[in-house]
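# task: produce atomic coordinates for the following.
(one chain, ligands or ions: 2)
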Amino acid sequence: MSKNGLLIHYDYCTGCQSCAVACQQEHDFPAGKCGIEVTEYVYEAIRKPVAIDFLPFPTELCDLCINRYQQGEKPACVKHCQAACMSFGSLTELVQQMEITPRSVLFSPR
Ligand code: SF4
Ligand code: SF4
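Ligands and ions are numbered 1, 2, ... in the order given. Predicted coordinates:
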C-alpha cells in the first residue's frame, strides 16, 4: 500500500489559520500544541517592494488524522482549509500533482 501524505499549495494560502484550529479541535491538543503551524514570511520581491507568503507546515504531532482516515473522511485541516489549497492522498498521486503545481510542499510523517 502506498504511503499517504499532504500536499500544500502555499501560493493560495491566506494565513487564515483554519487548518490549525481544525487540527487542534480534532485532536484536543492543549494550547500551544498543534499538528500544523502557519508561518508568515515577509520579504522583498522582484516586481513589488514587499511580498507576504504564508507557509503552513505539519509538525511532529501530525498523524494525518488516522482516525478520520479509517472512517473514510478527509483530514480535518484539508476539510476546513478556506482556500482549498491542501490535498490528502497517496504520495504517488501527490507527487504527480506536485509536478504541475509550483510553490507547493509535500509532507509525509515518519
Ligand atoms: S492531517 Fe490532521 S493531524 Fe495532520 S495537520 Fe492536518 S488536521 Fe492536523
Ligand atoms: S486553512 Fe488553508 S488557507 Fe487557511 S492557513 Fe491553513 S492552509 Fe492556509
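# from here on, contacts and neighbour counts on C-alpha atoms
OK.
# list the contacts of the nearest residue to residue 75 once chain neighbours are set aside.
Leaving aside its sequence neighbours, residue 75 sits nearest to residue 65 (Cα to Cα, 6 or more residues apart in numbering; 5.1 Å). Residue 65 is in contact with 74, 75, 76, counting by Cα atoms under 8 Å, 6 or more residues apart in numbering.
# can you give me the buried ones in stretch 37-57?
Residues 37, 38, 53, 54, 55, 56, 57 are the ones in stretch 37-57 that count as buried (16 or more other Cα atoms under 10 Å).
# no, scratch that, I was asking about stretch 101-110
Neighbour count says stretch 101-110 has 104, 105, 106, 107 buried, by 16+ other Cα under 10 Å.
# using PDB, write out every CA atom in it.
What follows is stretch 101-110, C-alpha atoms only, in PDB (Å, rounded to 0.1, in the frame of the first residue of the first chain):
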ATOM      1  CA  THR A 101       1.900  22.900  -9.100                       C
ATOM      2  CA  PRO A 102       4.800  25.200  -8.400                       C
ATOM      3  CA  ARG A 103       5.300  26.600  -4.900                       C
ATOM      4  CA  SER A 104       3.900  23.600  -3.100                       C
ATOM      5  CA  VAL A 105       5.300  21.400  -0.300                       C
ATOM      6  CA  LEU A 106       4.800  17.700   0.300                       C
ATOM      7  CA  PHE A 107       4.600  16.300   3.800                       C
ATOM      8  CA  SER A 108       4.700  12.700   4.900                       C
ATOM      9  CA  PRO A 109       5.000  11.700   8.600                       C
ATOM     10  CA  ARG A 110       7.600   9.100   9.700                       C
END
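# secondary structure element for residue 77?
helix 76-80 (DSSP states H and E).
# out of the buried residues of stretch 37-57, what pair is the most spread apart?
The largest separation in the buried residues of stretch 37-57, counting by Cα to Cα, is between 37 and 53 at 13.4 Å.
# can you narrow the contacts of residue 65 to ones near ligand 1?
Among the contacts of residue 65, the ones lying near ligand 1 by Cα under 6 Å from any ligand atom are 75, 76.
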